[in-house]
Structures are given as structure tokens and as C-alpha cells.
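> Provided below are the primary sequence and the corresponding predicted coordinates.
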Amino acid sequence: MSEGNFTQGKILMPLLKFAVPVLLAMFLQSLYGAVDLMIVGRFAESMDISAVSTGSQIMMTITQVIAGLSMGTTILLGQQIGRGEPEEAGRTVGTSILFFGVIALVSSAVMVVCSRGAAALMNAPAEAFDATASYILICSAGLVFITAYNLVGALFRGLGNSRIPLITVAIAAVTNIALDLLLVARFHMGAAGAAYATVLSQAFSVILSLWMIRSLHLPFTFTKKSIRFDKVLTAQVVGFGMPIALADFLVGISFLIILAIVNSLGLLASAGMGVAEKVCGFIMLVPSAFGSSMASFVAQNYGARQFERARKALKYGIAVSFAFGVVMAWLSFFHGDLLCGIFSKDAEVTTQGWEYLKAYAIDCLFTAFFFCYTGYFNGCGYTKFVMTQSIIGAFGVRVPVSFIMSRIQPVSLFKVGLATPASSLVQTILCIIYMRTAVRKKEKEIQSVH
């Protein structure tokens with residue numbers, strides 16, 4: 001099997017070889033965000049922890065939307081490679097560069113203007129309001145680099161190359177740690193220092209990554225003329241990516257609503273949830289990595305009409321993710337205090353975070369199925385269903401359950417956190433039903449035509 005070609009040969013080992021760099025990249029990405037909170041938690045005050053927690057959640061939502069939209073490029077590029085269309089793939093890359101450049105500039109301008117409004121909307125505690133607004137403002141000014149950073153990863157995952165995104169994230173993570181230590185620990189700049197570290201490290205990563213990419217042999221035809229607006233290709237990228245982006249946006253909004261609910265409970269609860277969310281970024285790494293890898297693997301096989309091969313990859317991904325999920329569930333439920341203690345020296349913040357993690361321990365079991373199914377459907381291009389079930393999970397389950405739980409006395413972050421596994425369970429059931437009905441029917445129709 002040629003490198004990056006998932007349509008021939010064995011399934012499990014190529015999937016693992018692709019997923020491991022994705023996993024490492026996601027680990028570094030989580031570390032990238034966690035280092036901000038970790039160093040702020042060690043060298044700053046509780047208000048800075050709250051500011052980074054709230055501000056990073058807002059920026060994460062924006063980044064998830066951009067990453068979701070860029071999945072349209074991953075899917076289209078993967079299917080074009082699977083069909084053996086290098087010239088079309090080159091035009092897709094050029095169109096994506098121009099399209100996402102516009103998206104980045106518009107998003108940055110809007111968020112810079114709305115930074116204080118976003119902090120107010122999130123019920124940022126009064127003690128942390130100015131720091132939260134400052135964090136959002138600084139990160140928003142660097143959205144051009146954040147967008148470029150995600151687009152590089154999307155392009156190469158579509159080509160079946162997960163090493164370049166890993167290198168990109170590694171560069172950013174190392175630079176971010178160094179800058180955090182300098183700006184937060186050495187110069188005591190608090191949340192603002194963490195924000196500057198984030199933007200500068202991603203800028204450096206993008207510049208260095210583009211320099212390295214110039215020396216690579218790429219499996220598509222690409223020249224400067226390829227960077228132009230193509231109405232048809234843009235529509236395809238948006239058609240695949242917009243439902244994912246909208247789903248990610250609404251899911252992000254649902255978590256922001258939950259954070260706003262928790263913020264109303266006070267500074268310690270806000271900081272505790274912020275710490276727990278950083279831990280969750282690590283405990284969900286394996287299912288997240290397989291979900292992302294599944295999209296790339298399935299896109300090529302769907303383009304080549306290798307449906308049975310794609311379904312086998314789904315089963316392998318679920319099996320590995322579930323085994324890991326059992327371990328993470330045990331660790332989070334029984335030893336969450338140790339995990340939260342990594343990010344905060346405040347015993348009360350750690351206790352609050354552990355309560356929230358106990359609910360996420362249950363979610364570790366459901367996401368093994370849910371994330372892999374979502375990656376499978378994205379690879380097939382069934383992104384509208386992914387959007388639909390995400391909306392149902394977010395606003396039909398997660399938000400109302402978290403609101404109800406926040407009103408039950410005594411209030412605890414464990415009760416509020418139960419909204420997340422409840423949502424994942426409902427979404428997993430929807431995925432299984434869709435797989436056994438609509439997907440199988442569509443595959444039979446395609447096979448009958450060919």
C-alpha cells in the first residue's frame with residue numbers, strides 16, 4: 001500500500017499508523033491549551049484561571065467552527081485522491097486557501113470589536129471580567145494564524161498524511177510553553193501573557209510549517225494559478241464543511257451556556273469547571289483521534305466505493321477507543337482530584353473540578369462509539385446528519401439537562417456535568433439508527449449504479 005492510500009491492503013495497521021500521529025497532535029494541541037491554564041494556575045491568581053477558562057472556551061468555539069469548516073476540504077480532497085483526480089485536488093487546495101483567508105480576516109475583525117461583549121455574555125465573574133476581555137481581544141487579533149494553522153492540518157489529513165499536522169502542532173506547543181514560562185511565570189502578565197503566548201506560538205508554527213512544506217513532494221498538481229476562487233469547488237467545500245462547522249458552533253454554544261450557568265455559581269465553580277475541561281481534553285484524546293482519522297480513512301474508501309472496507313475501519317476504531325475509554329473512566333471517577341491538581345494549586349478549585357470529572361467519566365464510554373460514528377459519516381459526506389444529531393444532542397439534551405441540574409439543591413458540578421453523557425448517549429443511538437437505515441440504503445443505490 002502506497003503511503004497515504006487507504007483503499008488497498010490491511011485496515012487496522014494503516015488506520016493505527018495514521019491515528020497515532022493524529023493522537024499525538026491532539027495531545028500536543030490539548031497540552032497547548034492546558035499549559036496556559038497550568039502555568040496561570042501556578043503563577044497567577046484565581047481570577048486569571050477563570051479568565052483563561054472562559055476566554056479559551058470562547059476561542060475554542062471559534063476555532064472548532066473554523067476546523068469544522070475546513071473538514072469540508074479534508075473530505076473533498078480525500079474523495080478526489082480516492083478517485084485519482086490530482087488536478088481537481090490541486091484546485092481544491094487553492095480555492096480553500098483563498099476562501100479561508102477571507103473567513104479569517106472577517107472573524108478576527110468581528111471578535112476584536114466584540115471582546116468585552118463576549119465576556120459579558122459569558123457572565124464572567126466581576127473579579128475576572130477585564131482579564132477575560134483582554135484574553136479574548138488578544139487571541140481574536142491572531143485568528144488569521146489560528147485559521148492557517150487548522151487549514152494546514154485539514155489539507156494533509158485529506159491526503160492521508162498525519163505527520164505534517166503533528167509537526168505543526170509540536171512546533172506550536174513547544175513555543176507556547178516557552179512563551180508561557182516567560183510571559184506568565186517570569187513577567188507575571190497573567191491571562192494576557194497566556195493569550196500572547198498562544199497567538200505568537202501559532203504564528204511561528206505557521207511560518208515554519210509553510211517553509212517546510214515547500215520541500216515536500218505533493219500528490220496533486222498545484223501552482224500559484226491554483227489559488228483562485230472556484231465557485232463549484234467552493235460550494236462543495238462549504239457543502240461538506242458547513243454542516244460540520246454549524247454543528248461544532250452549536251455544540252460549542254451549548255458548552256458556553258453550561259459555562260455561563262456554572263459562572264453564575266461563583267468564582268470557585270467557574271475555575272473548577274475550567275480545570276476539569278482541560279483534563280477532559282486529554283481523557284477524550286483517543287476517541288477524538290479515531291473520529292478524526294476515521295473521516296480521512298473513510299473519505300478515500302468512499303470515493304473508491306470500498307464501503308465494506310470503510311465499515312471494518314469503523315469497528316476497529318470503536319474497539320480501540322472503548323478499551324481506552326474504560327481506563328479513562330476509572331481514572332477520572334476515582335482519581336480526578338489528582339488530574340485536576342495538575343492544573344491548580346487551590347484545593348477548593350481541585351475539588352470542584354473533580355466533581356465535574358465524575359460525570360465525564362461516564363461520557364468516556366459513550367464517546368468511543370459516538371466519535372467514531374461521526375468520523376465515519378463525515379468521511380462519507382453525510383455531514384447534514386452529523387449536524388442534525390449534534391443540534392439534538394446540544395439543545396435537546398445537554399443545555400436543558402444542565403439547566404435543570406443547576407436548579408436542584410444542593411447544586412453540584414457532578415449533576416450539571418451529567419448533561420454531557422446524557423447527550424452522548426442520545427447521539428450514539430441516533431447514529432446507530434441512521435447507520436442501519438439511511439447509510440446502508442444509500443450504499444446499495446451507489447453500488448447498483450456502478
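Cool, the structure landed.

> Checking residue 6 next. Helix, strand or coil?
Classification of residue 6 using DSSP: H, G, I helix; E, B strand; the rest coil returns coil.

> Pick out the residue closest to the middle of the chain.
With distances taken as C-alpha atoms, centre = their mean, residue 64 lies nearest the centre of the chain, 5.3 Å away.

> Please identify the helix or strand for that residue.
Following DSSP states H and E, one finds residue 64 within helix 46-83.

> Where does pLDDT dip in the stretch 1-150 of the chain?
By pLDDT under 70, the weakly predicted segments of the stretch 1-150 of the chain are 1-5, 32-34.

> try 80
In the predicted model of the stretch 1-150 of the chain, residues 1-9, 25-26, 28-38, 41-42, 44-46, 49-50, 53, 57, 81-84, 125 satisfy pLDDT under 80.

> Which residues does stretch 215-234 contact?
For stretch 215-234, contacts defined as C-beta atoms under 8 Å, 6 or more residues apart in numbering pick out 4, 76, 81, 86-95, 97-99, 159, 164. To be clear about C-beta, it is placed using only N, CA and C from the backbone, and glycine gets the same treatment.

> Report the buried members of the residues you listed.
Using 16 or more other C-beta atoms under 10 Å as the burial test, these include 4, 76, 81, 88-95, 97, 99, 159, 164 as buried.

> returning to that earlier point: show me the contacts for the residue nearest to the centre of the chain.
248-249, 251-252.

> mind checking how far it is from residue 58?
Here residue 64 is placed at a distance of 11 Å from residue 58 (C-beta to C-beta, to the nearest Å).

> now the helices for the stretch 101-250 of the chain?
115-121, 129-141, 143-158, 163-180, 190-213, 231-263 (DSSP state H, counting those that start in this stretch).

> Go through those helices and name the closest to residue 307.
Residue 307 lies closest to helix 231-263 among those, at 18.3 Å (C-beta to C-beta).

> Downstream of the closest one, the next helix or strand is which one?
Where DSSP H and E defines the elements, the next helix or strand beyond helix 231-263 is helix 267-283.

> which secondary structure elements does that next one contact?
If contacts are counted by 3 or more C-beta pairs under 8 Å, 6 or more residues apart in numbering; DSSP states H and E, helix 267-283 sits against helix 12-43, helix 46-83, helix 231-263, helix 307-341, helix 347-380, helix 413-417.

> State the mean pLDDT of the next helix or strand after it.
Once the chain leaves helix 267-283, the next helix or strand it forms, by DSSP H and E, is helix 285-303. The pLDDT scores in helix 285-303 average 85.

> Could you export helix 285-303 as CSV, CA atoms only?
Extracted in CSV, the C-alpha atoms of helix 285-303 (Å, rounded to 0.1, in the frame of the first residue of the first chain):
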residue,chain,number,x,y,z
LEU,A,285,-8.0,12.1,23.1
VAL,A,286,-8.2,8.5,21.8
PRO,A,287,-11.9,8.6,20.6
SER,A,288,-11.3,12.1,19.2
ALA,A,289,-8.2,10.9,17.3
PHE,A,290,-10.0,7.9,15.9
GLY,A,291,-13.0,10.1,14.9
SER,A,292,-10.8,12.5,13.0
SER,A,293,-8.8,9.6,11.4
MET,A,294,-11.9,7.8,10.5
ALA,A,295,-13.1,10.8,8.4
SER,A,296,-9.8,10.7,6.3
PHE,A,297,-9.8,6.9,6.0
VAL,A,298,-13.4,6.6,5.1
ALA,A,299,-13.3,9.6,2.6
GLN,A,300,-10.8,7.8,0.4
ASN,A,301,-12.6,4.5,0.6
TYR,A,302,-16.0,6.1,-0.1
GLY,A,303,-14.5,7.8,-3.1
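
> Distance from that helix to the middle of the chain?
Computed by C-alpha atoms, centre = their mean, to the nearest Å, the chain-centroid distance of helix 285-303 equals 14 Å.

> Can you mark which positions in that helix are buried?
285-303.

> Equivalent analysis for stretch 422-438, please.
Under 16+ other C-beta under 10 Å, the buried positions of stretch 422-438 are 422-428, 430-431, 434-435.

> again, but for stretch 11-25
For stretch 11-25, burial by neighbour count (16+ other C-beta under 10 Å) applies to 11, 14-16, 18-19, 21-25.

> neighbouring contacts of that stretch?
1, 6, 153, 157, 160, 162-163, 165-166, 168-170, 285-286, 289-290, 292-293, 296-297, 309, 312-313, 316-317, 320.

> Kindly report the same for stretch 327-343.
Outside stretch 327-343, the residues that touch it by C-beta under 8 Å, 6+ apart are 34, 37-38, 41, 272, 275-276, 278-279, 283-284, 286, 349-351, 353-354, 357-358, 360-362, 364-365.

> rerun at 6 Å
Stretch 327-343 is contacted by residues 37-38, 41, 275, 278-279, 283, 350, 353-354, 357-358, 360-361, 364-365 when judged by C-beta atoms under 6 Å, 6 or more residues apart in numbering.

> quick revisit: how about a markdown table for the buried residues of stretch 422-438, with secondary structure and pLDDT added?
As requested, the buried residues of stretch 422-438 are exported to a markdown table (DSSP: H, G, I helix; E, B strand; the rest coil; pLDDT from 0 to 100):
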| residue | secondary structure | pLDDT |
| --- | --- | --- |
| 422 | helix | 95 |
| 423 | helix | 93 |
| 424 | helix | 93 |
| 425 | helix | 95 |
| 426 | helix | 96 |
| 427 | helix | 95 |
| 428 | helix | 95 |
| 430 | helix | 95 |
| 431 | helix | 94 |
| 434 | helix | 93 |
| 435 | helix | 91 |
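
> So which of those is the closest to residue 181?
For the buried residues of stretch 422-438, the nearest to residue 181 is residue 424 (36.1 Å; C-beta to C-beta).

> If we ignore the residues flanking it in sequence, what's nearest that closest one?
Once flanking residues are discounted, residue 424 sits nearest to residue 366: 3.8 Å by C-beta to C-beta, 6 or more residues apart in numbering.

> Settle this for me: that neighbour is touching residue 427, isn't it.
No: the criterion here is C-beta atoms under 6 Å, and residue 366 misses it with residue 427 at 8.1 Å.

> Distance check, residue 176 against residue 83.
Residue 176 is 39 Å from residue 83, by C-beta to C-beta.

> Stretch 326-339: which residues count as buried?
For stretch 326-339, burial by neighbour count (16+ other C-beta under 10 Å) applies to 328-329, 331-333, 336, 339.

> Over to stretch 400-416?
For stretch 400-416, by 16+ other C-beta under 10 Å, it's 401-402, 405-406, 412-416.

> try stretch 340-355
Taking 16+ other C-beta under 10 Å as the criterion, stretch 340-355 shows 340-344, 346, 349-355 as buried.
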